[in-house]
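> I'll drop the sequence and a predicted model, then ask my questions.
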Amino acid sequence: MAALRTWVKNMQTKKDIRKQIFAARKTYTDSQIEEWSRVITRKVTALPAFRNAEKVLAYADYNHEVITRFLVEEAWKAGKQVAVPKVSGQDMIFYKLEDFSQLEPGYYGIPEPARGEIVEWEDALMIMPGVAFDKENHRVGYGGGFYDRFLEKHPGVQRVAVAFSFQMLPEVPVEPTDIFPQIIVTEKETYYLGTDMS
């Protein structure tokens, strides 16, 4: 029963965090989001993990998330293959992205590939979204558990999360099923597995 109470408390905390961050997102302009996203793109593309990756799993951004179009374009320029997710039931399926015209509004209005080749890449770099993070590389997602379930099945995938600095909190709740990013990149700092090494 104590475990259940703890779980409910964490869920409420995560709910509050999501509400706080979603409200914060609305206070920034499109131009600010784009400017910071371009800075983040430059920082991510400079990472050895990105430079050495031949395949990139990227999310399609929505509603003032870090814009991933710039990262995808840089990956293509570097000759990398890119895939983006589509929600299917309780799972994410990644489709190879050849052109942005493949994307259409899908799950909760989030852009998803409407067509394309389904890929199962184990040796890839994932660019992860998230609602909030802390300096220990803990992550609060959107509540669906899609990334945790996918990464549990694909343990070889490297994980880089991208976020704005206002998404970094002193501490966020952690659950046993959470799979954390190995690196978090914001426009101001870069965090490596719980240590601020920027």
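Structure received.

> distance-wise, check Arg139 relative to Ala132.
Distance of Arg139 to Ala132, given as Cβ to Cβ, to the nearest Å: 8 Å. (Glycine included, C-beta is placed from N, CA and C.)

> pull up the distance across stretch 99-112, start to finish.
With Cα to Cα, to the nearest Å as the measure, stretch 99-112 spans 12 Å from end to end.

> what lies in contact with that stretch?
The contact list for stretch 99-112 (Cβ atoms under 8 Å, 6 or more residues apart in numbering) reads 60-62, 69, 72, 84-87, 95, 97, 113-116.

> list the residues that contact both of Arg139 and Ala132?
Common neighbours of Arg139 and Ala132 (Cβ under 8 Å, 6+ apart) are Val172.

> ok, back up a step: got a PyMOL select line for the buried ones in the contacts of stretch 99-112?
Those of those that count as buried under 16 or more other Cβ atoms under 10 Å are selected in PyMOL with:
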select buried, resi 60+61+62+69+72+84+85+86+95+97+113+116
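
> now for the lengthiest strand in the chain, which elements pack on it?
Longest strand of the chain, by residue count under DSSP state E: strand 81-88. Here strand 81-88 touches strand 55-58, helix 69-77, strand 91-96, strand 111-113, helix 146-153, going by 3 or more Cβ pairs under 8 Å, 6 or more residues apart in numbering; DSSP states H and E.

> the same query, at a cut-off of 7 Å, please.
If you count contacts as 3 or more Cβ pairs under 7 Å, 6 or more residues apart in numbering; DSSP states H and E, strand 81-88 packs onto strand 55-58, helix 69-77, strand 91-96, strand 111-113.

> dump the ones you listed to TSV, plus distance to Thr45 and mean pLDDT.
Converted to TSV, the helices and strands packed on strand 81-88 look like this (distance: least, Cβ to Cβ, whole Å; pLDDT from 0 to 100):
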stretch	distance to Thr45	mean pLDDT
strand 55-58	10	98
helix 69-77	5	98
strand 91-96	20	96
strand 111-113	21	94
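
> thanks a lot, see you next time.
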